[in-house]
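In: any chance you could fold what I've pasted below:
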Amino acid sequence: MTAALAGRVPERPLLDALEGLRLWGVLDFQQGNPGLVATYQAVATAAPRGRRPSLSLYVQSLHGERLQAMTRSLDPSKWLGVGKHPDLILKLRICEPDSIQRRIKGLSEGARALLDWARSVGGVVTQDQFYSRGGPWAAGSRRPAAGKDPLQELERAGLLIPNLDVYHFSLERGVPEEVEAAITGRGVFDGPLTLPLLQPARSVTNERHPSPLGVVRDMAHAMGFIGSGRCEWTQEGVPYQRSLKALGKALGNAIAQYPAMLYNVVVDTGLMEIGDTGTGYKTIAVNHELPPAMTFRTALSAWQDRESLYERSEPQPRTHILEFLMHCPPDTWMTRASFLSCLQFLWPMEFDPEFTDPRPLDGLWPELSVLVLATGRSDAGEAVLLPSLVQTLLTETNEKANGAMPPWDLHVVIQPDRSVVAPPNAAPEILAALWSVTDLEGNHGASLFRISTASVTRALNNTWSPDQVLKFLGTISQGPLPDTVTRLIQDQRSRYGAVKVGASDAYLRVDDEALLDQIVNHVKLKALPWRVVAPGVAVVSGCDQGTLLQKLRSAGYVPVEDKALKREPERLPANSHRTSAKAGGRRG
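Out: Got it, this is the predicted structure:
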């Protein structure tokens with residue numbers, strides 16, 4: 001049995017299955033070398049089977065002349081002196097492949113033609129089919145003379161036998177399973193264990209193709225979304241669902257799982273190190289020294305390993321899916337049902353709904369459709385396709401894989417209308433940084449950003465200075481910065497640092513008293529307990545410096561920390577460590 005299965009079933013599941021059949025009284029087995037697996041005659045007789053008859057069951061009813069007719073092809077030296085049960089041994093020998101092949105070689109030309117015809121129509125032939133075939137069995141034709149009847153010759157050799165029902169009467173004749181196996185050379189397990197064919201799909205519509213370069217581009221967008229401070233965090237240090245939805249909307253991707261997948265990939269690969277979410281500390285560790293193909297491979301590896309890192313150690317459906325894809329025909333549409341049937345055949349414990357709940361492929365399908373598989377609709381239902389580019393990235397050497405994707409582009413086009421066009425292969429650190437000084441407006445192949453007053457203000461309030469903004473845009477621009485962009489940044493420079501906040505309770509200092517009056521009476525700020533203590537200086541009681549900076553920025557100002565009057569930080573109270581320890585709980 002192990003040889004017939006050819007290693008397609010692991011030893012442990014096979015032994016478990018045999019043990020279960022033993023407990024049900026279906027068969028018995030004995031481990032060892034060689035081992036033994038046997039079933040009972042009553043079980044074999046009652047077992048459901050296809051329409052093909054069984055030679056081993058048929059010969060059990062034979063005796064006398066009919067049995068002797070089948071044994072004439074046997075080598076007497078192999079069965080003479082077989083002991084007390086010669087008939088039993090003979091019946092077993094009749095079903096052996098070499099015995100069947102010898103009987104086939106001894107057939108007449110007419111009998112061999114009849115056998116080939118019976119096999120060509122499915123192996124089971126009705127009486128009507130015999131009559132419609134013509135020849136000696138056609139209506140009105142004479143039966144062949146004794147000894148020249150091809151049908152009788154096949155029946156005597158056990159090569160075409162009655163397909164008996166419970167009344168031992170049938171108008172059907174069939175080529176036995178054992179005869180078909182002897183002719184084709186296929187074992188008893190080859191039929192049900194043959195890998196299902198990948199069925200072709202035609203007339204495919206609604207096609208959606210994966211883009212490895214697009215995935216790498218969107219990974220950079222995800223890093224920029226996080227690094228620019230637009231992501232909100234839960235107490236557990238993971239993004240809120242509303243933030244992930246906002247990212248998906250900005251990227252123009254309707255697949256709900258896509259933003260979470262991007263976030264998991266950039267974190268798991270180490271391309272982005274997420275620091276203390278309370279302070280918004282983020283570090284982008286990716287740069288253009290890692291080629292696009294290798295970046296995608298790294299992302300795919302992180303997606304593959306995620307099941308073992310965070311979900312479960314085994315089984316690993318993601319790994320098996322990628323293994324199977326390496327051997328799929330590229331650029332060929334196939335039905336999704338046949339794709340799934342192959343996975344279920346190869347790894348039933350992981351993909352067959354009979355053995356696994358929930359079915360992992362259902363949850364992974366959206367991610368597969370953006371990473372490696374094209375999807376569509378066909379005349380046979382849902383269709384899938386493996387692009388040759390993806391297969392190259394899965395199977396080829398680093399050199400060939402790198403040549404399959406364009407290198408990074410280190411420049412963007414900045415236009416007079418203050419739009420920024422980044423090519424699909426823009427370097428990831430450039431895309432990520434653009435999120436801090438621009439707003440993403442389009443993401444179809446090329447990424448379209450726009451520089452605005454609000455975006456520059458956001459950059460200045462997020463550790464950038466006007467000079468840093470100008471330097472960054474000037475470095476990545478293919479040509480000189482348009483005057484419209486330069487003027488916009490210079491306008492914001494005039495506002496940058498006009499308001500300075502320092503520590504007291506909290507205070508602010510301005511050079512223009514009219515500006516102070518405007519701030520104190522601003523609709524978003526007038527609720528604060530302002531106290532003007534000197535021309536251009538006001539104190540906010542009960543408000544710390546960081547809170548005041550945040551409130552001013554939310555009102556549209558661009559304040560900075562007042563370093564001119566910055567005091568040394570006060571010492572903590574002597575009992576502060578006790579308070580902290582108490583808040584953190586007792587140590588055991």
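
In: mind listing the strands in the stretch 1-150 of the chain by residue range?
Out: 27-30, 36-39, 124-125 (DSSP state E, counting those that start in this stretch).

In: helices or strands up against the last one?
Out: With contacts defined as 3 or more C-beta pairs under 8 Å, 6 or more residues apart in numbering; DSSP states H and E, strand 124-125 has these neighbours: strand 173-174. For glycine as for every other residue, the C-beta is placed from the backbone atoms N, C-alpha and C.

In: so what strands line up beside the strand it packs on?
Out: When pairing is defined by DSSP bridges, strand 173-174 lines up against strand 124-125 (antiparallel), strand 161-162 (antiparallel).

In: now distance to Trp530 too, for those, in TSV please.
Out: Converted to TSV, those look like this (distance: least, C-beta to C-beta, whole Å):
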stretch	distance to Trp530
strand 124-125	97
strand 161-162	105
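
In: minimum distance to Ala246: which of these has it?
Out: Within the strands paired with strand 173-174, the stretch nearest Ala246 is strand 124-125; the backing value is 63.4 Å (C-beta to C-beta).

In: what does that closest one rub up against?
Out: Outside of strand 124-125, the residues within contact range by C-beta atoms under 8 Å, 6 or more residues apart in numbering are Arg51, Arg52, Ala118, Leu160, Asn163, Glu172, Arg173, Gly174, Val175.

In: and that strand, how far out from the chain middle?
Out: For strand 124-125, the distance from its own C-alpha centre to the chain's C-alpha centre is 44 Å (C-alpha atoms, centre = their mean, to the nearest Å).

In: repeat for stretch 489-497
Out: When C-alpha coordinates are averaged (C-alpha atoms, centre = their mean), stretch 489-497 and its chain have centres 49 Å apart.

In: from the contacts of strand 124-125, which has minimum pLDDT?
Out: Among the contacts of strand 124-125, Arg51 carries the lowest pLDDT, at 63.

In: that older thread, from the contacts of strand 124-125, which two are the most distant?
Out: Distances among those were taken as C-beta to C-beta; the most separated pair is Arg51 and Leu160, at 13.6 Å.

In: touching both of these two, which residues are there?
Out: Common neighbours of Arg51 and Leu160 (criterion: C-beta under 8 Å, 6+ apart): Gly174.

In: out of the strands paired with strand 173-174, nearest to Gln490?
Out: Across those (criterion: C-beta to C-beta), the nearest stretch is strand 124-125, sitting at 89.1 Å.

In: report the contact partners of the residue nearest in space to the middle of the chain.
Out: By C-alpha atoms, centre = their mean, the chain has its centre lying nearest to Leu368, at 3.9 Å. Taking C-beta under 8 Å, 6+ apart as the definition of contact, the neighbours of Leu368 are Ile321.

In: ok, now Tyr40?
Out: With C-beta under 8 Å, 6+ apart as the criterion, the residues that contact Tyr40 are Gly25, Val26, Leu27.

In: let's see it at 6 Å
Out: If a contact means C-beta atoms under 6 Å, 6 or more residues apart in numbering, then Tyr40 has no contacts.

In: roughly how far does it sit from Asp268?
Out: When distances are taken as C-beta to C-beta, to the nearest Å, Tyr40 and Asp268 turn out to be 54 Å apart.

In: and of the strands paired with strand 173-174, who's closest to Leu57?
Out: Distances from Leu57 to each of the strands paired with strand 173-174 were compared using C-beta to C-beta; the minimum, 9.8 Å, belongs to strand 161-162.

In: out of the strands of the stretch 1-150 of the chain, deepest packed?
Out: Neighbour counts (mean count of other C-beta atoms under 10 Å) averaged over each of the strands of the stretch 1-150 of the chain peak at strand 124-125, with a mean of 20.

In: let me have the strands paired with strand 173-174 in CSV, adding mean pLDDT as columns.
Out: Listed next are the strands paired with strand 173-174 as CSV, based on pLDDT from 0 to 100:
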stretch, mean pLDDT
strand 124-125, 82
strand 161-162, 84
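
In: now for those strands, which one comes closest to Ser541?
Out: Between Ser541 and the strands paired with strand 173-174, the tightest spacing by C-beta to C-beta is seen for strand 124-125, at 97.0 Å.
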